[in-house]
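Chemist: sequence plus predicted model, see below.
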Amino acid sequence: MTDIYSKNKRSQIMSKISDKETEPEILVRTFLFQKGFRYRKNDKRYPGKPDIVLPKYKTMILIHGCFWHGHENCKASALPETNTDFWKTKISDNIVRDRKNIQKLRNADWKVIIIWQCEIKNKNNREKRMELLLDEITDSSVI
């Protein structure tokens, strides 16, 4: 199946995809701020520029888009029907990079919490996931 857009149009569309200030990131940050948490965002000092850094809790929060980070068994992570080999490689490389960055953070004694886009997409799931997030941040046994 060929792309419905020209190469230039597809390039223009792809260039508008942001890697920060995404809606899921804003939802999580707003929730945390309302609960009194203070954080740094996209801190370049750490591997992978974590979306949210909570120094007081020695915790990093990574908010992953299901497609871009290859969320297993998630409808949103299905590969496009066009240029499939490219996307398999791209997503696979992202997964490998994520694992390396997470391991580096854990080796430096940081707690790493991953929130998937699909977990907070609808309001009911979001409320449950945010309550779980509070427990994960404050529970010192979770690493």
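Modeler: In hand now; what should we look at?
Chemist: all strands of this protein, in order?
Modeler: Along the chain, counting by DSSP state E, strands occupy 40-41, 52-54, 59-64, 111-116.
Chemist: tell me which of those strands lies nearest to residue 23.
Modeler: strand 59-64 (9.8 Å; C-beta to C-beta). For every residue, glycine as well, the C-beta is placed using N, CA and C.
Chemist: roughly how far is stretch 26-37 from the heart of the chain?
Modeler: Taking the mean of its C-alpha atoms, stretch 26-37 sits 16 Å from the chain's own mean (C-alpha atoms, centre = their mean, to the nearest Å).
Chemist: list the buried residues of it.
Modeler: 27-29, 31-32, 37 (16 or more other C-beta atoms under 10 Å).
Chemist: now for these: which two are most distant?
Modeler: 27 and 37 (13.9 Å).
Chemist: hang on, the earlier thing: closest to residue 54 among the buried residues of stretch 26-37?
Modeler: Each of the buried residues of stretch 26-37 was scored against residue 54 by C-beta to C-beta, and residue 37 proved nearest at 6.2 Å.
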